[in-house]
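predicted model and sequence follow; I will ask about them next.
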Amino acid sequence: MEDGGWLLRFPELSRDALRAIKKSFDFGYRQFSRTYGEAIENVFEPLLQFLIWFEDFFTETPWMLIILGIATLAWLASRSWKLVIGIVVSFMLIGVFGMWEHTMQTMAMIVVCTILALIIGLPIGILMSRYDRAQSAIMPILDVMQTMPSFVYLIPVVMLLGIGRVPGLIAVIIYAVPPMIRLTNLGIRLVDKEVLEAADAFGASYWQRLTGVQIPLAMPNIMAGVNQTIMMALAMVVIASMIGVRGLGQPVLKAVTNQYFAVGLFNGLAIVALAIVFDRITQAYGRRLQEHTELR
Amino acid sequence: MTDNDDVLISVRNLCKIFGAKPQAMVPLVARGVSKDELLADHGHVLGLCDINLDVRRGTVFVIMGLSGSGKSTLIRHFNRIINPTTGSVEVAGKNILEFDATALRNFRRHDISMVFQRFGLLPHRTVIDNVSFGVTIQGVSEEKARERAMSWIERVGLSGFENYFPSQLSGGMQQRVGLARALATDAEILLMDEAFSSLDPLIRADMQDMLLSLQAELKKTIVFITHDLDEALKIGDDIAILRDGRMIQQGDAQQIVLNPIDDYVSSFVKDINRGRVVRVSTIMEAVSTNANGFTITADTLLEQALGELCDSEYDSACVVDADGKAVGAVNMQGVVDVITRRDCDEAAE
């Protein structure tokens, strides 16, 4: 480079150096996935079985029982006939328009994702609420998880595990678990200091305090976390279908590539209907939890 | 009041300094650096300084001070929700600062309980589950705990409300729940942190009466925090006055009212109705002859003594102790002088 050129052009690394860095990075990761890919795949085998079990359960159970089950759940959570009727009607429409099976596959994915988000998110959120250091270490990771474009972390997941349901599920969870963690942490931190002091003054152990005071009082926030997790998982349905997750995402993807407007619209509306159903049920439950917990 | 003078809680040379390096500040405080200087020059807050006090078993010890005086900090040292920077806290002869986590938990479960200013109730639990909270933490079975809780709910007058949630009750009722919860653990020591301060005056008086009648029967050792001198005089066997983290006067109600140690205490005491605090025995002249046959017992309050004198045909009376033995004499003028503070005015002139 001639003298003074770096003033006008950013002094970037030479092409060769850049290529070498990228190459060694890619090579290293490929090496890693070749060596450990199979082992890691085996680790995730139970997850696949878990997902398949739920898929079978939702697709093989007679549709009437499924609707009855969801309607009962909605009633228990909200005690509102309006919500129950709305839910029954939307599932009827989904069935009439021939999207029942895909919808059930997506439901299975959402349920599994929510359960896993709870299993992963609750302990991490509790850890963050207990130690400020854990909070300041984990917060930026959550920020990255939520802002990194999902296609970017799909690449290493697919390199490692190939195309399939498990890599799709992992991508969905990476995207959907942060609100669960955040709101668990927040909920526990917002618990009234005097109530905690009372628990301490009566000699509650850490576990008694956590299960008897902190988690019950954080419940409305934790339910909001569950709600957010479900919404974000639904938002990932189409992207996840690109790497093999079955469900409503597949026909949408097909509609995009083939310009089938109607197919895209119907399936998109089915996703919206699912979102509204889950949202209303979890929110109503969260509200009912809060009924007595608000002190004057 | 009891005649049993043995000390249950004993605090010695207790200091609490808040800040980054409290230990480094100890020598400064010992040299007499003031609270303001410590904050301005060293960035540390002096919470409590050189506190010494003894709480007698079965009595009510009131710590009185305005906000910022350190009284809430002090009461939290008794169950080590706050640990002191230096000094010792002994309960029943054991230094509780040496307790490890398990011993401390057991101490809090069985020996000491607490009532909070803003109640500190569990909003998601019903009254009965709140009252049984401390009992279940002790490891008592759910069923037995509820049984015990139920009897305390009756004692504090909340029968019929056991399945209500705290948010459905008034402030006074919520604090009854708080009191029942503290009593249900059967702990000998009861800490009450401004327990009645957030209640309306009428309800506060009710709660004070209830506490006194429970105390007459239960004989707990109570440490009570308040910013209200009337409350302190009403329920305290011993009273300590705290200002800016230092204990400025300690004594029973009569000593505080009749001999305030400085202007600060005097300013509190000046509006107090002495007739309801001072007893005949304190102002009587020590003569043992019975002049006219009219007697008043030694522990009669001045207000009542004045009434008795007015109703009688005499203007003086012989003071007798509980056994009827003559121990002194008072006259109407003397009683009126003390109640109307003429004795202070004369001293001032």
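Arrived safely, thanks for sending.

show the contacting residues for the residue nearest to residue B:316 when sequence neighbours are not counted.
Taking CB to CB, 6 or more residues apart in numbering or on different chains, and ignoring the residues beside it in sequence, residue B:316 has residue B:331 as its nearest neighbour in space, at 3.8 Å. Bear in mind the C-beta positions are built from the backbone N, C-alpha and C, glycine included. If you count contacts by CB atoms under 8 Å, 6 or more residues apart in numbering or on different chains, residue B:331 has them with B:315, B:316, B:317.

and the closest residue to residue A:154 other than its chain neighbours, what element?
The shortest distance from residue A:154 to any non-neighbouring residue, by CB to CB, 6+ apart, is to residue A:171 (5.4 Å). Using DSSP states H and E, residue A:171 maps to helix A:165-189.

quick check, the next helix or strand after that helix touching chain B?
Per DSSP H and E, the first helix or strand lying C-terminal to helix A:165-189 is helix A:193-201. Yes - interface with chain B: helix A:193-201 contributes A:194, A:195, A:197, A:198, A:200, A:201 (CB under 8 Å from any CB of the partner chain).

ok, how many other residues are close to residue A:7?
For residue A:7, the count of nearby residues is 8 (other CB atoms under 10 Å in any protein chain shown).

what does residue A:46 give?
9.

got it, and residue B:287?
13.

where's it relative to chain A, distance?
52 Å (CB to the nearest CB, to the nearest Å).

state the pLDDT value of that residue.
The model reports residue B:287 with a pLDDT of 73.

ok, the nearest residue to it once chain neighbours are set aside - how many residues close by?
Nearest in space to residue B:287, with sequence neighbours left out and distances taken as CB to CB, 6+ apart, is residue B:329 at 5.0 Å. Residue B:329 has 22 neighbouring residues, counting by other CB under 10 Å.

ramachandran angles for residue 162?
Because you didn't say which chain, this covers chain A. In this entry, residue A:162 is assigned phi and psi values of phi 80, psi -170 (degrees, to the nearest 10).

ah, no, chain B please
phi -60, psi -20.

now the spatially closest residue to it that is not a sequence neighbour: which helix or strand?
The shortest distance from residue B:162 to any residue other than its chain neighbours is 4.0 Å, reached at residue B:128 (CB to CB, 6+ apart). Per DSSP H and E, residue B:128 falls inside helix B:127-131.

ok so, going back, most neighbours among the residues of helix A:193-201 next to chain B, please name it.
residue A:198 (27 neighbours).

what sits against it?
So residue A:198 contacts B:114, B:116, B:120, B:121, B:122 (CB under 8 Å, 6+ apart).

for whatever residue of the stretch 151-300 of chain B ends up closest to chain A, the count of nearby residues, please.
Per CB to the nearest CB, residue B:165 is where the stretch 151-300 of chain B lies closest to chain A, at 3.9 Å. By other CB under 10 Å, the residues close to residue B:165 number 21.

point out where the chain drops to low pLDDT.
With no chain named, the answer covers chain A. Within chain A, the stretches with pLDDT under 70 are A:1-4, A:292-296.

right idea, wrong chain: chain B
In chain B, residues with pLDDT under 70: B:1-5, B:288-291, B:343-349.

quick one on the thing from earlier: which residues are contacting the helix or strand just after the helix holding residue B:128?
Helices and strands here follow DSSP H and E; after helix B:127-131, the next one along the chain is helix B:133-137. Applying CB under 8 Å, 6+ apart, the contact partners of helix B:133-137 are A:202-205, A:208, A:212, B:109, B:113, B:122, B:125, B:142, B:144-145, B:148-149, B:181-182, B:184-185.

can you pull up the most central residue in the chain?
Went with chain A since none was named. residue A:176 (2.7 Å; CA atoms, centre = their mean).

sorry, should have said chain B
Closest-to-mean residue, chain B, CA atoms, centre = their mean: residue B:62 / 2.2 Å.

sheet partners, orientation included, of the host helix or strand of that residue?
Per DSSP H and E, residue B:62 falls inside strand B:60-64. Neighbouring strands of strand B:60-64 in its sheet, by DSSP bridges, are strand B:221-226 (parallel), strand B:238-243 (parallel).

export those to CSV and append columns for distance to residue B:57 and mean neighbour count.
Supplementary listing: the strands paired with strand B:60-64 in CSV, determined by distance: least, CB to CB, whole Å; neighbours: other CB atoms under 10 Å in any protein chain shown:
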stretch, distance to residue B:57, mean neighbour count
strand B:221-226, 5, 25
strand B:238-243, 12, 23
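
re the thing from before, residue A:239 is in contact with the residue nearest to residue A:154, correct?
Yes - applying CB atoms under 8 Å as the test, residue A:171 and residue A:239 come out as touching, 7.2 Å apart.

what about residue 130, neighbour count?
I went with chain A, as the question did not name one. Counted with other CB under 10 Å, residue A:130 comes out at 16.

please go with chain B instead
For residue B:130, using other CB under 10 Å, the count is 27.

and the closest residue to residue A:249 other than its chain neighbours, how far is that from chain B?
Using CB to CB, 6+ apart and skipping residues adjacent in sequence, the residue nearest residue A:249 is residue A:241, 2.8 Å away. Distance, residue A:241 to chain B, using CB to the nearest CB: 41 Å.

would you say residue A:241 is within a helix?
Yes - using DSSP: H, G, I helix; E, B strand; the rest coil, the assignment for residue A:241 is a helix.

please report how far it lies from residue A:273.
Separation of residue A:241 from residue A:273 (CB to CB, to the nearest Å) stands at 17 Å.

more crowded one of the two?
residue A:241 (23 against 20).

re the thing from before, more crowded one of residue A:171 and residue A:239?
Taking neighbours as other CB under 10 Å, residue A:171 and residue A:239 compare with residue A:171 leading, 22 against 19.

got the contact list for that one?
A:150, A:153, A:154, A:157, A:236, A:239, A:240, A:243.

ok, the last one touching residue A:170?
The one in question is residue A:243. No - using CB under 8 Å, residue A:243 is not in contact with residue A:170; the gap is 9.8 Å.

overlap in contacts, the two.
Common neighbours of residue A:243 and residue A:170 (CB under 8 Å, 6+ apart) are residue A:157.

on that earlier part again, ChimeraX command to pick out the buried ones of the contacts of residue B:331?
Provided next is the ChimeraX selection string for whichever of these are buried by 16 or more other CB atoms under 10 Å in any protein chain shown:
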select /B:316,317
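
now the contacts of residue B:331 as a markdown table including distance to residue B:259 and secondary structure?
Compiled in a markdown table, the contacts of residue B:331 are given as follows (distance: CB to CB, whole Å; DSSP: H, G, I helix; E, B strand; the rest coil):
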| residue | distance to residue B:259 | secondary structure |
| --- | --- | --- |
| B:315 | 27 | coil |
| B:316 | 25 | strand |
| B:317 | 24 | strand |
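
what segments of chain B are strands?
B:7-18, B:45-56, B:60-64, B:86-91, B:94-95, B:112-115, B:189-193, B:221-226, B:238-243, B:246-251, B:295-297, B:316-320, B:326-331 (DSSP state E).

using PDB, list the CA coordinates for the third one.
Once side chains and other backbone atoms are set aside, the C-alpha atoms of strand B:60-64 remain, and they are given as PDB (Å, rounded to 0.1, in the frame of the first residue of the first chain):
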ATOM      1  CA  VAL B  60     -41.500  -5.000  77.200                       C
ATOM      2  CA  PHE B  61     -38.500  -3.000  76.100                       C
ATOM      3  CA  VAL B  62     -39.300   0.000  73.900                       C
ATOM      4  CA  ILE B  63     -36.800   1.600  71.600                       C
ATOM      5  CA  MET B  64     -38.000   5.000  70.700                       C
END
